[in-house]
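Engineer: structure for this input, please:
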Amino acid sequence: MIDLQPVKGTRDFFPDEMRLRNWLFEVWRNVSEQAGFEEYDTCVLEHEELYVRKTGDEISKQLYSFEDKGGRRLSLRPEMTPSLARLVLQQEKSLSFPIKWFSMPQCFRYERMTKGRRREHFQWNADIIGQHEVVAEAEILMLLISACESMGLSTNDFRVFINDRRILNAILSQINVPQVLHSEVMVIMDKRDKIPPEALSKMLEEMRMTTKQVGQLNEYLSKSDLEELRENLKNTEGIEELQHLMKLMETAGYKNYLQFDISIVRGLSYYTGAVFEVNSPEKQHRAICGGGRYDSLLSTYGGETVPAVGFGFGDVVVLDVLKELKRFPELPRKLDYTIIPFANEQIGTALKIAAELRLQGSTVDCNFSMKKMKKMMQQAHESGAAKAILLFPDELSDDKVVIRDMQLHEQKPVRITDLFSSAE
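Structural biologist: Presented below is the predicted three-dimensional model:
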């Protein structure tokens, strides 16, 4: 017998779940457009090489890949940023930078499932391409904060934990970790909050770091103050840029949302500057959102170095958080009318009334079940209809229908022609 359950790690969306998904998408789309971002999309299928070119990234080991009938190696997209890079490179000469784009793709990764992590998810991506200054980071952070606020979250519910890859690179250089190892070390450091310290130290030593270097790294990572780090590092570029960004955010009125956190790394190797994650103030769950600056990504695909900053905001974790905080919006099904005929010869009339009302912009359903009156009125109530149009034979003989207000439980006969004029 065929398995009726969705593929492991994937989801079905029944109508009530679709209403919630559409609400979330509407929040993402509204705040993006309000901030001047334009929507784009790409095919869920991409050439496999778009992802495997980034050595050291765990994501390249999680691809849903296959060879098509033409011998091409293809993958379901695991993330959107490489696809965005491909689009930008494709039209680079005709684009007017900076550009502000967003998308809401479905992504696939074959990975171990835990709370908040599935093998498919929808992800809101927003990126600013072609802006060198940290004002791009400020706009991106304001956008994701606006989205969280639109979902009913406040400063009591979330923080933007922020760091800068250049600070981490400066630390690694100062303790004499070779530059060629930095990206791979970053991937391991990204697991810092997920595995025991002993396991992390072992992984770093397996990456050819000495025990002394691991100890020095842990000492730096214990510091939570930017000024203290500035006093102890030779290269302070990342610290200065981060302080400038945080000052911009303070001026814009978002100071209470940001918190410096040296443990924020982001596992993807293409990040080059500020990196950030959104989580509860106590980091009680997986990150809701993550992103940062990735100035070198386009150049890895053969293009010029183009500054870029953006984030990915998945649907799974944030819906878990909203559910846990009891912040789900009430999203009942809504109809203006449900039309109820009581005999087969009334079906044509019901369809004609429905068509006229829909032309006028009303949402209309018809109940052709021909069940008993009590049952059909119960179904009308459950449908979320504001009014029921009842096609009683006596009223129809006078070109009338009975309109029942489902909230007030009141009804009255109305001429069909008056019904259409009142719906306008």
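Engineer: give me the helices and strands touching the lengthiest helix in the chain, please.
Structural biologist: Secondary structure assigned by DSSP state H gives helix 15-34 as the longest helix of the chain. Helix 15-34 sits against strand 38-39, strand 99-103, strand 120-129, helix 135-150, helix 315-324, with contacts defined as 3 or more Cβ pairs under 8 Å, 6 or more residues apart in numbering; DSSP states H and E. From N, CA and C alone the C-beta is placed, and that goes for glycine too.
Engineer: how about the helices in the stretch 201-350 of the chain?
Structural biologist: 211-221, 226-232, 237-251, 297-300, 315-324, 347-359 (DSSP state H, counting those that start in this stretch).
Engineer: let's see the third one as PDB, backbone CA atoms only.
Structural biologist: In other words, helix 237-251. Taking C-alpha atoms only, helix 237-251 is exported to PDB below (Å, rounded to 0.1, in the frame of the first residue of the first chain):
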ATOM      1  CA  GLU A 237      38.800  47.000  11.700                       C
ATOM      2  CA  GLY A 238      35.900  44.700  12.400                       C
ATOM      3  CA  ILE A 239      35.400  46.200  15.900                       C
ATOM      4  CA  GLU A 240      35.300  49.800  14.500                       C
ATOM      5  CA  GLU A 241      32.800  48.800  11.800                       C
ATOM      6  CA  LEU A 242      30.600  47.000  14.300                       C
ATOM      7  CA  GLN A 243      30.700  50.000  16.700                       C
ATOM      8  CA  HIS A 244      29.700  52.300  13.800                       C
ATOM      9  CA  LEU A 245      26.800  50.000  12.900                       C
ATOM     10  CA  MET A 246      25.600  49.800  16.400                       C
ATOM     11  CA  LYS A 247      25.700  53.600  16.700                       C
ATOM     12  CA  LEU A 248      23.600  53.900  13.500                       C
ATOM     13  CA  MET A 249      21.000  51.500  15.000                       C
ATOM     14  CA  GLU A 250      21.000  53.400  18.200                       C
ATOM     15  CA  THR A 251      20.300  56.700  16.300                       C
END
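Engineer: so which residues make contact with that helix?
Structural biologist: 134-135, 137-138, 141-142, 162-170, 226, 229-230, 233, 255, 257-258, 260, 273-274 (Cβ atoms under 8 Å, 6 or more residues apart in numbering).
Engineer: whichever of those end up buried, select them in ChimeraX.
Structural biologist: When burial is assessed using 16 or more other Cβ atoms under 10 Å, the buried subset of the contacts of helix 237-251 is captured in ChimeraX by this command:
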select :134,137,138,141,142,162,163,164,165,166,167,168,169,170,226,229,233,257,258,260,273,274
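Engineer: before we move on, back to that, what's the least confident stretch among the helices of the stretch 201-350 of the chain?
Structural biologist: Least confident of these, judged by mean pLDDT, is helix 297-300 with a mean of 80.
Engineer: which residues touch that helix?
Structural biologist: Arg53, Lys54, Thr81, Pro82, Ala85, Val88, Leu89, Tyr270, Glu304, Thr305, Val306, Ala308.
Engineer: so the fourth one sits in a strand?
Structural biologist: Right, the one you point to is Pro82. No. Judged by DSSP: H, G, I helix; E, B strand; the rest coil, Pro82 forms no part of a strand; its state is helix.
Engineer: against Glu277, how distant is it?
Structural biologist: 20 Å (Cβ to Cβ, to the nearest Å).
Engineer: re earlier: can you pick out the most distant pair from the contacts of helix 297-300?
Structural biologist: Lys54 and Glu304 (18.1 Å; Cβ to Cβ).
Engineer: neighbour-wise, which of the two wins?
Structural biologist: Shown here are Lys54 and Glu304; by other Cβ atoms under 10 Å, Lys54 has more neighbours (17 against 8).
Engineer: measure Gln62 to Val275 for me?
Structural biologist: Gln62 is 20 Å from Val275, by Cβ to Cβ.
Engineer: looking at these two, which one has more neighbours?
Structural biologist: Set Gln62 next to Val275 and count neighbours by other Cβ under 10 Å: Val275 wins out with 29 against 17.
Engineer: nearest residue to that one other than its sequence neighbours?
Structural biologist: Gly292 (3.5 Å; Cβ to Cβ, 6 or more residues apart in numbering).
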